[in-house]
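>>> Need a 3D model of the following:
(one chain, ligands or ions: 1)
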Amino acid sequence: MTGTLPAVAHLDAIHRLIEAEMEGLPVEEHDPTKGLPLQVVSFGAREVNAAMECMVTTWVTMGRRVYDFEDQWARYCGCTQGVMSNSGSSANLLMLAALVETGQLSRGDEVLVPAVGWSTSLFPVAQVGLVPILVDVEPDTLCIDPARAREAITPKTKAALAVHLLGQPADVTALQDMGLLVAEDACAAPGAERDGRRAGSMGVGGTFSFFFSHHLTTCEGGITVFRDPVLADAARSLRAHGWVRERSDREAHVAAHPEIDERFLFVSSGWNLRPTEMAGAMGQEQLKRLPAWIERRRRNHGSWCEMLADTPGVTVLPELPGQVHASFAFPLLLDAEIDRAACMRHLESRGISTRPISGSNLARQPAFERVVGARVGGPLPVADRVHTHGLFVGNSHAFGDGHGLLLKDALEEFFRG
Ligand SMILES: Cc1ncc(COP(=O)(O)O)c(C=O)c1O
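Have a look, this model is predicted:
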């Protein structure tokens, strides 16, 4: 890559054209008479100009913009190390693989995983040779239930993967108090906090997704954060072919293998999960927007919970005391006698987009039997309820009370029949 800058006049002109073209983006205020979508467009000219600058300067592969974003994101999370990748799923894979690579976990160790989560919260556990054990979730957070986790522990259990589901922070401390090493899937929970600790910094590592529909986006993208540089170095090799180039201890590896050209010196059995430089450039612009956007989502979450508190037939999940809920989306649990599919159809007919709650009970997904070694670590009644009667609607920094009222009206209309 050359990185040669074109004439500045052209770059300025491109910037101005993009600013004109993207006026009004990102969407900061959404009109509730237009419905309640899952998300709004969350990037604008600043992000596109930053990404475009990489392309016109021809520096498109992972470089300075990615590294700077990694530092900024790690600091935001209260960590020191960030390893960006091409998705949140890859970030999970890298986090778990780094734990095995460095010997903090060994192949065959059991890892407790919440039964309700995303598919690629679960799959990477087995993909790196660990044994996932599904544990039920708490009814008020839908995150892993520490009491059920304790019951599932065997002499082989070494770790837990805490998924901060839909932005609600899981009780990492309770899992750590059982002597478990805890890794965090915070892919839908940037900015979430529990007992004063920010998501990603509570455990041994944490992951985030920058897919289009998430709080922030780099189109596709993800990042793994650590406080331990040894884990970060392992993840950096695993991310890029297994080579040493981005490791902080590169010189030591090079010195140990003088017979091999350092440019192609491979020390781990890795993948290629790198992000593009455009993703790093977008991420830096997106991060500036995050604190205000989290506050807005959190406020919506609180006021929508209040609005729906007396609506019969539904249970909402308010933020618990001492926590910051990042509110990726707004989950609802319907009463047992209610037909969820009919309710979702009704909401959609009123312009309210719906989804099941992530992968719901992952033990009931057909893929579960393909997850090598995985088993269920106890009864899963809450996960089952989520599976049959859970749903979520969108939340966003661009929504407000009008969207909560739309949801309340639509639900009450459905329940009145
Ligand atoms: C909890 C959780 N983990 C992992 C992922 C995967 O992220 P990505 O779509 O960036 O691969 C998601 C995606 O929504 C998620 O919600």
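>>> Need the nearest residue in space to the residue in the stretch 1-150 of the chain that the ligand sits nearest to, chain neighbours excluded.
For the stretch 1-150 of the chain, the residue positioned closest to the ligand under C-beta to the nearest ligand atom is G88, at a distance of 2.6 Å. C-beta coordinates here come from the backbone N, C-alpha and C atoms, glycine included. In space, G88 comes closest to S209 once its chain neighbours are excluded; the distance is 2.6 Å by C-beta to C-beta, 6 or more residues apart in numbering.
>>> hang on, the earlier thing: from what I see, the residue of the stretch 1-150 of the chain closest to the ligand and F208 are in contact.
Yes: counting by C-beta atoms under 8 Å, F208 is a contact partner of G88 at 6.3 Å.
>>> Now do the shared contacts for those two.
Common neighbours of G88 and F208, using C-beta atoms under 8 Å, 6 or more residues apart in numbering, are C187, G222.
>>> higher neighbour count, these two?
Neighbours per residue, other C-beta atoms under 10 Å: of G88 and F208, the larger number sits with F208, 30 against 26.
>>> where exactly do the strands run in the stretch 201-350 of the chain?
205-209, 222-226, 314-316, 323-324, 329-334 (DSSP state E, counting those that start in this stretch).
>>> Export those strands as a markdown table, with columns for distance to the ligand.
Shown next, in a markdown table, are the strands of the stretch 201-350 of the chain (distance: least, C-beta to the nearest ligand atom, whole Å):
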| stretch | distance to the ligand |
| --- | --- |
| strand 205-209 | 3 |
| strand 222-226 | 5 |
| strand 314-316 | 20 |
| strand 323-324 | 17 |
| strand 329-334 | 9 |
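>>> got these as CSV, with mean pLDDT and distance to L265 columns?
Output for the strands of the stretch 201-350 of the chain, formatted as CSV (pLDDT from 0 to 100; distance: least, C-beta to C-beta, whole Å):
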stretch, mean pLDDT, distance to L265
strand 205-209, 99, 25
strand 222-226, 99, 23
strand 314-316, 98, 54
strand 323-324, 97, 43
strand 329-334, 98, 44
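>>> possible to save the ones you listed as TSV with distance to G270?
Output for those, formatted as TSV (distance: least, C-beta to C-beta, whole Å):
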stretch	distance to G270
strand 205-209	16
strand 222-226	13
strand 314-316	43
strand 323-324	34
strand 329-334	33
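>>> Of those strands, which is nearest P190?
Taking C-beta to C-beta, strand 205-209 is the member of these nearest to P190, at 5.5 Å.
>>> List of residues touching that closest one?
73, 77, 79, 87-89, 91-92, 95, 98-99, 183-190, 199-200, 221-226, 231.
>>> Restricted to helices, list the residues you listed.
In helices, defined here by DSSP state H, the members of the contacts of strand 205-209 are W73, G88, S89, A91, N92, M95, A98, L99, L231.
>>> Out of these, the closest to A159 would be?
Nearest to A159 among the ones in helices among the contacts of strand 205-209, counting by C-beta to C-beta, is L99 at 7.4 Å.
>>> Looks like that closest one contacts T224 (just checking).
No: between L99 and T224 there is no contact under C-beta under 8 Å: 10.7 Å.
>>> So between those two, which is more surrounded?
More crowded of L99 and T224, by other C-beta under 10 Å: T224, with 36 against 26.
>>> check contacts around the more buried one.
Counting by C-beta under 8 Å, 6+ apart, T224 touches G82, V83, S85, A91, N92, L94, M95, A98, G205, G206, T207, A235.
>>> Quick one: residues contacting the first one.
When the contact criterion is C-beta under 8 Å, 6+ apart, the partners of G82 are F69, E70, D71, Q72, W73, A74, I223, T224, V225, A232.
>>> Find out how far the helix or strand containing A50 is from the centre of the chain, if you would.
Per DSSP states H and E: A50 is located in helix 45-56. The chain centre lies 24 Å from the centre of helix 45-56; the measure is C-alpha atoms, centre = their mean, to the nearest Å.
>>> CA atoms only: put it into PDB for me.
In PDB, the C-alpha atoms belonging to helix 45-56 read as follows (Å, rounded to 0.1, in the frame of the first residue of the first chain):
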ATOM      1  CA  ALA A  45     -21.100  12.100   6.000                       C
ATOM      2  CA  ARG A  46     -18.400  12.100   8.700                       C
ATOM      3  CA  GLU A  47     -18.100   8.300   8.600                       C
ATOM      4  CA  VAL A  48     -18.400   8.100   4.800                       C
ATOM      5  CA  ASN A  49     -15.800  10.800   4.300                       C
ATOM      6  CA  ALA A  50     -13.400   9.000   6.700                       C
ATOM      7  CA  ALA A  51     -13.900   5.700   4.900                       C
ATOM      8  CA  MET A  52     -13.700   7.400   1.500                       C
ATOM      9  CA  GLU A  53     -10.400   9.000   2.400                       C
ATOM     10  CA  CYS A  54      -8.900   5.500   2.900                       C
ATOM     11  CA  MET A  55     -10.100   4.500  -0.600                       C
ATOM     12  CA  VAL A  56      -8.900   7.600  -2.400                       C
END
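>>> near the ligand, which residues of the stretch 251-400 of the chain?
Within the stretch 251-400 of the chain, the positions near the ligand by C-beta under 6 Å from any ligand atom are S358.
>>> Which single residue of the stretch 251-400 of the chain ends up nearest the ligand?
S358 (5.9 Å).
>>> my read: that residue touches L165, true?
Yes: the criterion here is C-beta under 8 Å, and S358 meets it with L165 at 6.7 Å.
>>> Which one's more surrounded, the two?
Each of S358 and L165 has its neighbours counted (other C-beta under 10 Å); L165 has more, 31 against 23.
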